[in-house]
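> this one's sequence-less:
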């Protein structure tokens, strides 16, 4: 790494601007922590606290909606004060401060409050962080930049889950349900990497001056209908289509609950999440690079197609081996969509309004998760555990039709 490490004077780390690398490293440490502490929250609520799926959906949906509100607020504030790093540091720090309180949580209400604090921190940091990434890469390399950051983020998630699996195996061995003792050890282990992530951000990331005019923010070959002070019509349409898609994409809490519903042993559930993150990490950067060459729209359509097939698979699955394949496919969907969708936002908006645009995009996506999670929880209890997944697959098909017919590159 020492030979690859470069300074800000036009030089790079791993082929990208140092800001992208160190933001990726911050995401790496943060996700080690978050996966250890929050990924198994639905099982903590269900197995330890005895909460039903409606409550679990409420907790997941409320936290995501809180995240949405603060994403919109922080994006606009970032553009107004021109200090994206300040907001990014504050967001990561807030999430780090609230995590240790999960050790003391004894009710679903306490979990909800702590989770709200964590999601508030994420809501504050995401839009300015994405703006920092977009400001640090050339238009033709946005897919690569966002893909690398997402790959490092996902690699951290993978490591966090591996550590969680080891803790579960050492503390409780086999079995399907999560124990309180195992969960508390995971909380303790997740505190240190969270602190390291904040330190990397504070010490190594630098804000860049925005010197490009709005027209320069568009990649070669793409036209824009941006009015002064406004947004490209395509961006507004993409927001609406994304909201439709997300109404069918309930909290990932339900994917984990579905695995347990199929009687998958707990250690295997965690290892399936590791596989999910391996596929996610390996696919995010290639998909980002591919989107630079073939266009964002094509890759997003591929991602949503994979999602529809995977959700249909979760609905119809009957055995453990099928769950392994579905978690791997779910990682491929994330790799094809998450970073590429953020690169598309940068393509569609003027450089001086990126913070606001990322706030709106992330806010709309997260806001849709509250009704999505409530619908999923109701469908699970009132119809069947398969019903939320049939619903999600159907809406992904509607979203695909929308992006194919309404958005032109």
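Now that the structure is in, tell me what you want to look at. Small disclaimer: the values here were computed from a predicted structure and weren't measured.
> switch to C-alpha atoms for all contacts and neighbour counts from now on
OK.
> Counting neighbours, what do you get for residue 15?
A count of neighbours around residue 15, defined by other CA atoms under 10 Å, yields 16.
> Could you pull up phi and psi at it?
Here is the backbone geometry of residue 15 (degrees, to the nearest 10): phi 80, psi 10.
> swap in residue 13?
phi -120, psi 120.
> where's it relative to residue 20, distance?
For residue 13, the distance to residue 20 equals 9 Å [CA to CA, to the nearest Å].
> where are the low-confidence patches of the stretch 101-250 of the chain?
209-230 (pLDDT under 70).
> any idea where the helices of it begin and end?
Applying DSSP state H, counting those that start in this stretch to the stretch 101-250 of the chain gives helices spanning 108-135, 142-172, 180-204, 233-247.
> Which among the ones you listed is found nearest to residue 43?
Closest to residue 43 of those is helix 180-204 (CA to CA; 9.7 Å).
> in that closest one, what's buried?
180, 182-191, 193-198, 200-201 (16 or more other CA atoms under 10 Å).
> Contacts only, for the residue nearest to residue 33 when sequence neighbours are not counted.
Of all residues not flanking residue 33 in the chain, residue 190 sits nearest, at 4.1 Å (CA to CA, 6 or more residues apart in numbering). Residue 190 sits next to 32-34, 36-37, 160 when contact means CA atoms under 8 Å, 6 or more residues apart in numbering.
> and if we set it to 10 Å?
Residues in contact with residue 190, defined by CA atoms under 10 Å, 6 or more residues apart in numbering, are 29-38, 96, 99-100, 160, 163-164, 184.
> and it, how far is that from residue 240?
Taken as CA to CA, the span from residue 190 to residue 240 is 36 Å.
> burial measure for the residue nearest to residue 287 when sequence neighbours are not counted, as a count.
Nearest residue to residue 287, sequence neighbours excluded (CA to CA, 6+ apart): residue 336, at 5.5 Å. When neighbours are defined as other CA under 10 Å, residue 336 has 30 of them.
> Residue 342 is in contact with residue 336, correct?
No. The pair residue 336 / residue 342 is not scored as a contact, 11.3 Å apart, by CA atoms under 10 Å.
> do you know how far the most centrally placed residue in the chain is from residue 317?
The C-alpha lying nearest the average C-alpha coordinate of the chain belongs to residue 338 (CA atoms, centre = their mean; 7.0 Å). With the distance defined as CA to CA, residue 338 ends up 25 Å from residue 317.
> Show me which of residue 13 and residue 20 is the more surrounded one.
Taking other CA under 10 Å, residue 13 and residue 20 do not tie; residue 20 has more neighbours (28 against 19).
> Let me know the pLDDT of that one.
Per-residue pLDDT puts residue 20 at 93.
> Let me see the contact set for it.
The contact partners of residue 20, by CA under 10 Å, 6+ apart, come to 12-14, 26, 129-130, 132-137, 145-149, 205.
> Which helix or strand contains it?
Element membership for residue 20 (DSSP states H and E) is helix 18-37.
> Tell me which residues touch the closest residue to residue 279 other than its chain neighbours, please.
In space, and not counting its chain neighbours, residue 279 is closest to residue 331: 5.1 Å by CA to CA, 6+ apart. Counting by CA under 10 Å, 6+ apart, residue 331 makes contact with 154, 273-284, 306-307, 310.
> Sticking with residue 331, tell me its helix or strand.
With DSSP H and E as criterion, residue 331 is part of helix 320-348.
> Distance from the chain centre to the helix or strand following that helix, please.
Per DSSP H and E, the first helix or strand lying C-terminal to helix 320-348 is helix 354-367. Centre-to-centre, helix 354-367 and its host chain are 13 Å apart (CA atoms, centre = their mean, to the nearest Å).
> The helix or strand following helix 354-367 - what's its average pLDDT?
Downstream of helix 354-367, the next assigned helix or strand under DSSP H and E is helix 369-382. Confidence for helix 369-382, expressed as mean pLDDT, is 88.
> can you tell me how far the residue lying closest to residue 248 once chain neighbours are set aside sits from residue 356?
Closest residue in space to residue 248, ignoring its immediate chain neighbours: residue 392 at 3.8 Å, by CA to CA, 6+ apart. Residue 392 is 28 Å from residue 356, where distance means CA to CA.
> before we move on, what about residue 108?
33 Å.
> Same drill for these two, tell me which one is more crowded.
residue 356 (24 against 19).
> List the residues that contact the more buried one.
71-80, 127-128, 131, 349, 362.
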